[in-house]
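Peer 1: just need the structure, nothing else, for what follows:
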Amino acid sequence: MAGFNTIDDLGDLSGKRVMVRVDFNVPVRDGEVSDATRLERAVPTVRELSEKGAKVILLSHFGRPKGQRDETMSLRPVAEAFSEVLGRQVGFAADSVGEPANDAVAAMQPGDVLLLENTRFHAAEEANDEVYAKALAMNADAYVNDAFSAAHRAHASTEFLAQLVPAAAGRAMQRELDYLNAALAAPERPVMAIVGGAKVSTKLDVLTNLLGKADKIIVGGGMANTFLLAMGEDVGKSLAEPDLVPTAKEILSRAGAQGCEIILPRDVVVAAKFEANADTAVRAADAVKPGEMILDLGPDSVDAYAEALEGCKTLIWNGPLGAFETPPFHTATVELARYAAKLTKEGQLTSVAGGGDTVAALNMAGVADDFTYISTAGGAFLEWMEGKTLPGVAALSRN
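Peer 2: Reported below is the predicted structural model:
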């Protein structure tokens with residue numbers, strides 16, 4: 001992943017039109033942005049370019065308008081919200097290309113910031129269309145991609161545009177790539193991966209890629225139930241994928257051959273019903289009764305996982321260990337997250353986490369700020385864990 005340009009490689013930007021791909025696909029309720037995290041992450045890059053005298057032109061998608069103009073998915077309210085976050089006026093152009101964009105860019109002064117309308121109002125964006133990319137490039141002397149969360153998509157504003165003008169990673173993208181590189185490409189060993197979530201089928205590529213990269217893999221969530229089935233255990237009426245038992249067996253076999261330890265639950269928390277504050281019991285992993293559902297890991301499992309983590313230097317975490325959104329089935333995820341945060345704060349562990357559920361779980365545990373790095377990218381983080389080449393990153397390397 002190394003070998004990409006950064007803002008430092010773009011030279012003197014004073015008076016230059018710098019087009020910055022951000023991810024402003026933020027939640028908006030009643031015309032107000034309800035979570036400004038992605039806006040805040042864009043501030044260092046935008047502020048630095050503005051202070052260097054660049055004309056900063058922001059590009060983003062928003063929602064899924066399917067290539068049609070849809071005013072309910074306009075970025076106009078986001079421009080107003082970003083003005084507040086940035087602490088300076090952000091202009092808005094009613095289209096990303098054509099006269100509205102051209103006129104707005106032509107009127108800019110050095111240091112100005114302008115947000116163009118939703119790129120996905122044009123079907124050509126998702127088609128990675130050359131004509132649309134060239135129309136964007138007409139208003140750019142340089143291109144900066146600061147949207148790692150959209151880097152797994154080969155779209156005109158993330159991939160083709162980077163081929164047409166000098167291109168570089170923004171500060172948020174640079175930071176993300178540096179941390180991800182440190183966690184998986186050149187990590188300090190031993191490396192532990194925690195892979196949770198409901199289904200093995202959604203994380204097969206992740207598990208396969210990690211077999212060759214991690215020293216230990218904790219399998220949690222509903223996924224663990226399929227592995228318990230593969231070990232010959234009864235999981236009652238728990239969520240599981242019996243048809244993937246042969247696949248789970250193959251992963252266990254390959255892990256052994258590659259010197260990677262897969263760690264499964266010793267004990268589990270079960271309930272007859274999946275509901276908040278249900279009556280629960282702790283069972284050994286091989287003693288689940290027919291009418292019971294596994295909904296979290298038990299205390300012995302958490303202790304064993306913490307002990308395994310103690311000897312590691314790098315942690316990569318994607319997915320919760322139980323049905324964390326429904327109490328009391330958040331306990332294992334929260335306890336292990338707090339232990340990982342403690343080791344991180346003591347300087348014993350580099351901890352990198354990502355994915356929507358994972359970020360929500362770490363926030364629930366109150367430790368999101370204590371991890372070394374948390375990626376807010378969903379699909380891009382997952383594809384990175386799968387070992388795939390991300391088009392938006394590859395385009396910066398090629399440029």
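Peer 1: so what's the closest residue to Asp279 other than its chain neighbours bridging to?
Peer 2: Using C-beta to C-beta, 6 or more residues apart in numbering and skipping the chain neighbours, the partner closest in space to Asp279 is Ala271 (6.4 Å). Every C-beta, even on glycine, is put in place using the N, C-alpha and C of the backbone. Bridge pairing for Ala271 (DSSP bridges) gives the partners Thr280, Met293.
Peer 1: list the contacts for Ala271?
Peer 2: Ala278, Asp279, Thr280, Ala281, Glu292, Met293, Leu295 (C-beta atoms under 8 Å, 6 or more residues apart in numbering).
Peer 1: where exactly do the helices run in the stretch 101-250 of the chain?
Peer 2: 123-126, 130-137, 171-180, 204-211, 221-230, 245-257 (DSSP state H, counting those that start in this stretch).
Peer 1: okay, those helices, which one's buried deepest?
Peer 2: Compared across these, helix 221-230 shows the largest average neighbour count, a mean of 25 (mean count of other C-beta atoms under 10 Å).
Peer 1: measure how that one sits relative to helix 245-257, angle-wise.
Peer 2: In terms of direction (axes from the mean of the first three to the mean of the last three C-alpha atoms, to 10 degrees), helix 221-230 departs from helix 245-257 by 90 degrees.
Peer 1: for helix 221-230, packing partners?
Peer 2: With contacts defined as 3 or more C-beta pairs under 8 Å, 6 or more residues apart in numbering; DSSP states H and E, helix 221-230 has these neighbours: helix 245-257, strand 293-297.
Peer 1: wait, which of those is closest to Gly387?
Peer 2: helix 245-257 (14.8 Å; C-beta to C-beta).
Peer 1: tell me which residues are up against that closest one.
Peer 2: Applying C-beta under 8 Å, 6+ apart, the contact partners of helix 245-257 are 200, 204, 207-208, 211, 217, 226-227, 229-231, 261-262.
Peer 1: following that helix, which helix or strand shows up next?
Peer 2: Using DSSP states H and E, the next helix or strand after helix 245-257 towards the C-terminus is strand 261-263.
Peer 1: in that next one, what counts as buried?
Peer 2: Residues of strand 261-263 classed as buried by neighbour count (16 or more other C-beta atoms under 10 Å): Ile262, Ile263.
Peer 1: in its sheet, what does it sit against?
Peer 2: Looking at strand 261-263 with DSSP bridges, its partner strands are strand 216-219 (parallel).
Peer 1: now do the partner strand: everything it contacts.
Peer 2: Outside strand 216-219, the residues touching it (C-beta under 8 Å, 6+ apart) are 190-196, 207, 210-211, 227, 255, 260-264, 305, 308, 312, 321.
Peer 1: do you know how far the closest residue to Asp357 other than its chain neighbours is from Gly220?
Peer 2: Of all residues not flanking Asp357 in the chain, Pro320 sits nearest, at 5.5 Å (C-beta to C-beta, 6+ apart). As judged by C-beta to C-beta, to the nearest Å, Pro320 and Gly220 stand 7 Å apart.
Peer 1: same check, this time on Thr6
Peer 2: To Gly220, Thr6 is 36 Å away according to C-beta to C-beta.
Peer 1: how many neighbours does Leu396 have?
Peer 2: Leu396: 27 surrounding residues under other C-beta atoms under 10 Å.
Peer 1: same check, this time on Ser60
Peer 2: Neighbour count of Ser60, defined by other C-beta under 10 Å: 26.
Peer 1: what do you get for Lys66?
Peer 2: Neighbours of Lys66 using other C-beta under 10 Å come to 11.
Peer 1: part of a helix, is it?
Peer 2: No. Per DSSP: H, G, I helix; E, B strand; the rest coil, Lys66 lies outside any helix segment and is coil.
Peer 1: coming back round to it: export the helices and strands packed on helix 221-230 as JSON lines, with columns for distance to Ala127 and mean pLDDT.
Peer 2: As requested, the helices and strands packed on helix 221-230 are exported to JSON lines (distance: least, C-beta to C-beta, whole Å; pLDDT from 0 to 100):
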{"stretch": "helix 245-257", "distance to Ala127": "34", "mean pLDDT": "96"}
{"stretch": "strand 293-297", "distance to Ala127": "43", "mean pLDDT": "97"}
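Peer 1: how near is Ala271 to Gly196?
Peer 2: Counting by C-beta to C-beta, the separation of Ala271 from Gly196 is 18 Å.
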